[in-house]
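my questions are about this predicted structure, shown below with the sequence.
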Amino acid sequence: AQSVTQPDIHITVSEGASLELRCNYSYGATPYLFWYVQSPGQGLQLLLKYFSGDTLVQGIKGFEAEFKRSQSSFNLRKPSVHWSDAAEYFCAVKGIGNKLVFGAGTILRVKS
Amino acid sequence: DTGVSQNPRHKITKRGQNVTFRCDPISEHNRLYWYRQTLGQGPEFLTYFQNEAQLEKSRLLSDRFSAERPKGSFSTLEIQRTEQGDSAMYLCASSSLQAGSGNTIYFGEGSWLTVV
C-alpha cells in the first residue's frame, strides 16, 4: 500500500533562513507526488507537483522540491523563508484509484 | 474559475442529529473527492466520484455516511446520527480528466463539523 512519511512534526526556522521539509514515500510504480500547504482553519493549497521528467520542480511562493527515486524522497525547499510561510505542509502521493495519500504534516514556525 | 466551493464552512450540531455538507467543484471537473481531516493529521480519503458515479468508498465511510453527486456537478455528504467522533474538517476536492491536467487535485476550504 502507498504511504507517506514526514519525519518532522514541527520545524522552526528564522525568517530569511533556508528551509527543507522532508518527505519519504512508499509506492511501487513511478509516483505522482505533491506538496500542499494549509493555513489554520483553511483548505489545502497546491504548492507543486511531480509527475515525470525533470526531478527538480518549481512551485509557487518560491518553493521547489527534488524527487530522488533512489531515496524515495521528495523534499521541499525554500532558500529564504518569510514570516507568511508559517503554516502546515503536507506531502502526498497519488495511489491506486486516483486518491491522494497524505503524510501527517509538518508545522512550520518562523521566528523573527 | 472560482475554485472548489464548500458550505457551510462551520457546523455545530448535537449528537444524534443529521448534517449535510455541499460541495461545488471547479467547473467541468469530472472527478470529485471527499476527505476527512482531524486535528494533527493529514487528510484521509473517504470517497470519490467520476461524473455521477461513485467509484470508490473508504472503509472510513460507515453506513451513517452517504455521498451523492446526482447530476455529475455538485455533491453532498450527509452524516446521519452524528457522533462526537465525527467532529472533523470535511474537505472536498476536484480534478479533471483532460489530457495535460496531470489529474491535479484541487481542494476547497473545508467544512468544519463540531458534534457536541
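On my side now, so go ahead. Numbers count the residues shown, from 1 in each chain, chains lettered A, B, ... in the order given.

flag every residue of chain B that's near chain A.
Contacts of chain B with chain A, taken as Cβ under 8 Å from any Cβ of the partner chain, map to B:4, B:6, B:31, B:33, B:35, B:40-45, B:48, B:55-56, B:91, B:95, B:102-110, B:112. All C-beta spots, glycine's among them, are computed from the backbone N, C-alpha and C.

mind doing that once more with 10 Å?
Applying Cβ under 10 Å from any Cβ of the partner chain, one finds that chain B approaches chain A through B:3-4, B:6, B:9-10, B:31, B:33, B:35, B:37, B:40-48, B:50, B:55-56, B:58, B:89, B:91-93, B:95, B:97, B:102-112.

among those residues, which are in strands?
Restricting the residues of chain B next to chain A to those inside strands, with DSSP state E as the criterion, leaves B:6, B:10, B:31, B:33, B:35, B:37, B:44-48, B:50, B:55-56, B:89, B:91-93, B:95, B:106-107, B:111-112.

narrow those to those that are buried.
Among these, those that count as buried by neighbour count (16 or more other Cβ atoms under 10 Å in any protein chain shown) are B:6, B:31, B:33, B:35, B:37, B:44-48, B:50, B:56, B:89, B:91-93, B:95, B:106-107, B:111-112.

ok, now which ones touch the spatially most central residue of chain B?
The residue at the geometric middle of chain B, judged as the C-alpha nearest the mean C-alpha position with Cα atoms, centre = their mean, is B:Trp34 (3.1 Å). B:Trp34 makes contacts with B:21, B:23, B:43, B:45-49, B:57-58, B:61, B:65, B:67, B:69, B:75-77, B:90-93, as judged by Cβ atoms under 10 Å, 6 or more residues apart in numbering or on different chains.

quick check, pLDDT for it.
The predicted local confidence for B:Trp34 comes out at a pLDDT of 97.

how near is it to chain A?
Separation of B:Trp34 from chain A (Cβ to the nearest Cβ, to the nearest Å) stands at 10 Å.
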